[in-house]
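Visitor: Provided below are the primary sequence and the corresponding predicted coordinates.
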Amino acid sequence: MRSKLVSRRAALALAAFVASGSAWAQSAAQPARIGIVGAGNIGGTIGGLWAKAGHEVMVSSRHPEELKGLVESLGPKARAGTPAEAIAFGHVVLIAVPYKAYPQLSADHGAALQGKTVIDAGNATQARDGEVYAEVKESGIAAVSAKYLRGARIVRAFNAANYKVFAKNAHRDGARMAIPLAGDDAGAVATVAKLVTEAGFDPVIVGPLSKADSFAMGSPGFGHDLTAAESGARLGVAR
């Protein structure tokens, strides 16, 4: 039997989401529109899982004409666009670009992301991300994401493991793999928890956005293939 949501926070967040009057929440049979900024490993993997679940997905890059093969591999629910088109398209936006791109993403699309439910899947690495990595080391990734995605309803998720782990474990038999998530907006957290479930995992709501540092790359909570109960215990989530 697959495990349940670890925390009572999940049930409270789901209730808050329904109460918020979201058009998507009010129609359980209605697929979501998900814009994905970035067409790499995370975007392609998670986007493919959502497309198979029946959601409409737009993957994006500055050269969407180069995404024909990826879109075909994701199936009929997927399409390609520019980042601006993906952001406008999505009820929810997944950010799946290298973390060094966040300052430019903010400059180019920050206004369009304001008020959106944004799944922040990025991680900062020293070799790749330079000055932005230094910011993360000083302030924590939750604070830096909040800086560059200011005004968005940010939920950190799909960043606690390598994309290959997600691809291998989605919809696995037995207890599902846990996906930790953290955010300050109850409605956004509930939206993302629902999408995590439909991608084939169990959401573990860790708490507010500041708690995202507990499962960021380099933290003790990163890189584990755990059930929801195991993940909740590791991350200190009360049942």
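Guide: Everything's here; your move. Residues are numbered from 1 along each chain as shown.

Visitor: Run through this structure and note the low-pLDDT ranges.
Guide: 1-29, 238-239 (pLDDT under 70).

Visitor: how about 50 then?
Guide: For the chain, the stretches with pLDDT under 50 are 1-26.

Visitor: can you give me the strands for this structure?
Guide: Along the chain, counting by DSSP state E, strands occupy 33-37, 56-60, 78-81, 92-95, 117-120, 153-156, 178-183, 202-207.

Visitor: Can you give the distance of the third one from its chain's centre?
Guide: Distance, stretch centre to chain centre, for strand 78-81: 18 Å (C-alpha atoms, centre = their mean, to the nearest Å).

Visitor: Direction included, what does that strand pair up with?
Guide: Partners of strand 78-81 in the sheet, by DSSP bridges, are strand 56-60 (parallel).

Visitor: angle of the strand it pairs with against strand 33-37?
Guide: 10 degrees (axes from the mean of the first three to the mean of the last three C-alpha atoms, to 10 degrees).

Visitor: what does strand 56-60 contact?
Guide: Contact with strand 56-60 is made by 31-39, 43-44, 47-48, 50-51, 67, 70-71, 74, 77-83, 85-86, 89-90, as judged by C-beta atoms under 8 Å, 6 or more residues apart in numbering. (C-beta placed from N, C-alpha, C; glycine too.)

Visitor: and what of stretch 130-138?
Guide: Residues outside stretch 130-138 that contact it (C-beta under 8 Å, 6+ apart) are Tyr99, Lys100, Tyr102, Pro103, Ala124, Thr125, Gln126, Asp129, Val144, Lys147, Ala216.

Visitor: what about burial for these, which qualify?
Guide: Tyr99, Lys100, Tyr102, Pro103, Ala124, Asp129, Val144, Ala216 (16 or more other C-beta atoms under 10 Å).

Visitor: List the contacts of the residue nearest to the last one when sequence neighbours are not counted.
Guide: Setting aside the residues directly before and after it, Ala216 is nearest to Ile141 in space (C-beta to C-beta, 6 or more residues apart in numbering), at 4.6 Å. The contact partners of Ile141, by C-beta under 8 Å, 6+ apart, come to Gly122, Asn123, Ala124, Arg156, Ala212, Asp213, Ala216.

Visitor: quick one: Thr45 from Gly35, how far?
Guide: Per C-beta to C-beta, to the nearest Å, Thr45 is found 16 Å from Gly35.

Visitor: So between those two, which is more surrounded?
Guide: Shown here are Thr45 and Gly35; by other C-beta atoms under 10 Å, Gly35 has more neighbours (28 against 20).

Visitor: if you look at the contacts of strand 56-60, which of them are in helices?
Guide: With helices defined by DSSP state H, the entries of these inside them are 43-44, 47-48, 50-51, 70-71, 74, 83, 85-86, 89.

Visitor: For Phe222, state which of the residues you listed is nearest.
Guide: Gly43 (19.5 Å; C-beta to C-beta).

Visitor: Mind giving me the PyMOL command for buried ones among the contacts of strand 56-60?
Guide: Entered in PyMOL, the line below selects the buried ones among the contacts of strand 56-60, by 16+ other C-beta under 10 Å:
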select buried, resi 31+32+33+34+35+36+37+38+39+43+44+47+48+50+51+67+70+71+74+77+78+79+80+81+83+86+89+90
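
Visitor: count of residues packed around Ala212?
Guide: Residues lying near Ala212 (other C-beta under 10 Å) number 29.

Visitor: how near is Ser139 to Asp213?
Guide: Between Ser139 and Asp213 the distance is 10 Å, computed by C-beta to C-beta.

Visitor: Name the residue in those two with the higher neighbour count.
Guide: For Ser139 and Asp213, the more surrounded residue by other C-beta under 10 Å is Asp213, and the numbers stand at 19 against 13.
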